[in-house]
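Colleague: Quick check, what structure comes out for this input:
(one chain, ligands or ions: 2)
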Amino acid sequence: MKITVVGAGAVGATTADNIIRRELAEEVVLLDIKEGVSEGKSLDMYQTAALLGFNTKPIGSTNDYEKTKGSDVVVITSGLPRKPGMTREELIGINAGIVKGVTENLLKYSPKAIVIVVSNPMDTMTYLALKESGIPKKRLIGMGGALDSARFKTYLALAMDVSPLDIHGMVIGGHGDTTMIPLTRLATYNGIPVSRFLSADQLEKVAADTMVGGATLTKLIGTSAWYAPGAATMMLVESIVRNQKRIVPCSVYLNGEYGQKDICMGVPVVLGRSGWEKIVNLRLSDAEKAAFEKSAEAVRSMNAALNL
Ligand SMILES: NC(=O)C1=CN([C@@H]2O[C@H](COP(=O)(O)OP(=O)(O)OC[C@H]3O[C@@H](n4cnc5c(N)ncnc54)[C@H](O)[C@@H]3O)[C@@H](O)[C@H]2O)C=CC1
Ligand SMILES: O=C([O-])CC(=O)C(=O)O
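Modeller: Numbering: from 1, shown residues only. Ligands and ions are numbered 1, 2, ... in the order given. From the prediction side, this is the model:
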């Protein structure tokens, strides 16, 4: 198994680090345009092997795609992160060009790879990667819902003062401050609805905090987050390479599912060795359906800005 991560910045390096620690592949190539950075970070990571005990080898590459040849999974994290006060959508101008070029280069050397898009605005970058590359839809996955769901579980666990491990819940819709849909109605504490433990007001606050989860961290740190994004991306890679068939909300191409067509946005999918294997059809309430439609409208208007 060979995995490539493009972008050796905060998210890309953290993703690669998590992947090698869990030995999800024999080789992990980390590629960046900045001279020496991916080589340096890869060597630094490999120097943890003797301390942490793993055998996966990270390989750095300064924009040399030959080294990525034959990758089974490729992850795209290259692009600008937002600064405090910005929305993810404001990154579209610069990141669209980067994602387009990187996708082309990756598929030239790894035409059969499963592609995971992380760069923001993620749903639109996933759509762009699909439209520009013509890659089969089941091999293209946008990462956002896994992270948003982890934040949702964390805020629920904090409000209930319990372990996040015992909380189950999903966030679907777009990966934007106003487009996410935390599915509070379906969240449970080991199978027990969370509404048995938290008031309607508390649940509303958890949902609101989840939606601006990325913005909150960007304000605190000065740039956007990387620990949970890197862990969430690794979790998608793990479900794919170990064929775990986990159900994870991911941004995928919809062709009528959830009432939407010709758009990539977050819905629960089963992730296995061939990519996303099926979309799980949740029975949404009328309010959730309306929120999904509103979210799709916003994502669609962002896609229109690509002028494809
Ligand atoms: N989908 C999600 O849930 C999340 C998405 N993000 C997004 O991920 C992206 C990366 O974030 P960070 O790692 O924090 O940024 P960063 O600035 O730390 O790293 C980005 C890296 O991309 C590299 N890069 C730029 N153009 C490139 C190209 N053409 N080829 C190869 N490498 C190139 C840069 O040199 C830099 O090292 C941002 O767009 C951010 O908004 C971040 C967190 C979560
Ligand atoms: O907030 C951002 O811009 C980065 C991101 O997508 C996240 O952390 O959810």
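
Colleague: how about the nearest residue to Glu132 once chain neighbours are set aside, what does it touch?
Modeller: Excluding the flanking residues, the one nearest Glu132 by C-beta to C-beta, 6 or more residues apart in numbering is Lys100, at 5.3 Å. Heads up, the C-betas are built off the backbone N, CA and C, glycines and all. Applying C-beta atoms under 8 Å, 6 or more residues apart in numbering, we find Lys100 in contact with Leu128, Ala129, Glu132.

Colleague: next helix or strand past the helix or strand containing Ser239?
Modeller: Ser239 is part of helix 227-241 when elements are defined by DSSP states H and E. Using DSSP H and E, the helix or strand that follows helix 227-241 in sequence is strand 246-255.

Colleague: quick revisit: which one of the contacts of Lys100 has the most neighbours?
Modeller: Compared across the contacts of Lys100, Ala129 has the highest neighbour count, 26 neighbours, by other C-beta atoms under 10 Å.

Colleague: Quick check, pLDDT for it.
Modeller: Ala129 is assigned a predicted lDDT (pLDDT) of 98.

Colleague: quick one: it and Val118 touch, right?
Modeller: No: applying C-beta atoms under 8 Å, one finds Ala129 not in contact with Val118, separated by 11.0 Å.

Colleague: Now do the shared contacts for these two.
Modeller: Shared contacts of Ala129 and Val118, defined by C-beta under 8 Å, 6+ apart, are found at Ile76.

Colleague: Find the closest residue to ligand 2 in the stretch 101-250 of the chain.
Modeller: Gly214 (2.4 Å; C-beta to the nearest ligand atom).

Colleague: so what does the helix or strand containing that residue touch, helix or strand wise?
Modeller: Assigned by DSSP H and E, Gly214 falls within helix 213-221. In terms of contacts (3 or more C-beta pairs under 8 Å, 6 or more residues apart in numbering; DSSP states H and E), helix 213-221 is packed against helix 145-160.

Colleague: got the angle for the helix it packs on vs helix 227-241?
Modeller: Using axes from the mean of the first three to the mean of the last three C-alpha atoms, to 10 degrees, the direction of helix 145-160 lies 120 degrees away from that of helix 227-241.

Colleague: any idea of the angle helix 145-160 forms with helix 213-221?
Modeller: Computed with the same axes, to 10 degrees, the direction of helix 145-160 lies at 80 degrees from that of helix 213-221.

Colleague: Helix 145-160 vs ligand 2: in contact?
Modeller: Yes: Helix 145-160 reaches ligand 2 (C-beta under 6 Å from any ligand atom) through Leu147.

Colleague: quick one: buried residues of that helix?
Modeller: Of all the residues in helix 145-160, those buried under the rule 16 or more other C-beta atoms under 10 Å are 145-157, 159-160.

Colleague: Closest one of those residues to ligand 1?
Modeller: Comparing the buried residues of helix 145-160 against ligand 1 with C-beta to the nearest ligand atom picks out Leu147 as the nearest, at 4.4 Å.

Colleague: So in terms of bridging, what pairs with the nearest residue to Lys138 once chain neighbours are set aside?
Modeller: Closest residue to Lys138 in three dimensions, ignoring its sequence neighbours and counting by C-beta to C-beta, 6+ apart: Gly275, at 4.3 Å. Beta-bridge partners of Gly275, counted by DSSP bridges, are Gly272.

Colleague: Pull the contacting residues for Gly275.
Modeller: Ile114, Pro136, Lys138, Arg139, Leu140, Ile141, Ile240.

Colleague: what do you get if the cut-off is 7 Å, keeping everything else the same?
Modeller: By C-beta atoms under 7 Å, 6 or more residues apart in numbering, Gly275 lies in contact with Ile114, Lys138, Arg139, Ile141, Ile240.

Colleague: mind pulling up the phi and psi values for Thr62?
Modeller: Per-residue torsions, Thr62: phi -90, psi 90 (degrees, to the nearest 10).

Colleague: how close does it sit to ligand 2?
Modeller: Distance from Thr62 to ligand 2, counting by C-beta to the nearest ligand atom, to the nearest Å: 25 Å.

Colleague: ok, back up a step: need the per-residue pLDDT for the residue of the stretch 101-250 of the chain closest to ligand 2.
Modeller: 98.

Colleague: what does Leu308 give?
Modeller: We have a pLDDT of 84 for Leu308.

Colleague: picking up where we left off before, and the contacts of Gly275, which of them are buried?
Modeller: Buried members of those, scored by 16+ other C-beta under 10 Å, are Ile114, Lys138, Arg139, Ile141, Ile240.

Colleague: Show me the residues you listed that map onto strands.
Modeller: Under the assignment DSSP state E, these contribute Ile114, Ile141 to strands.
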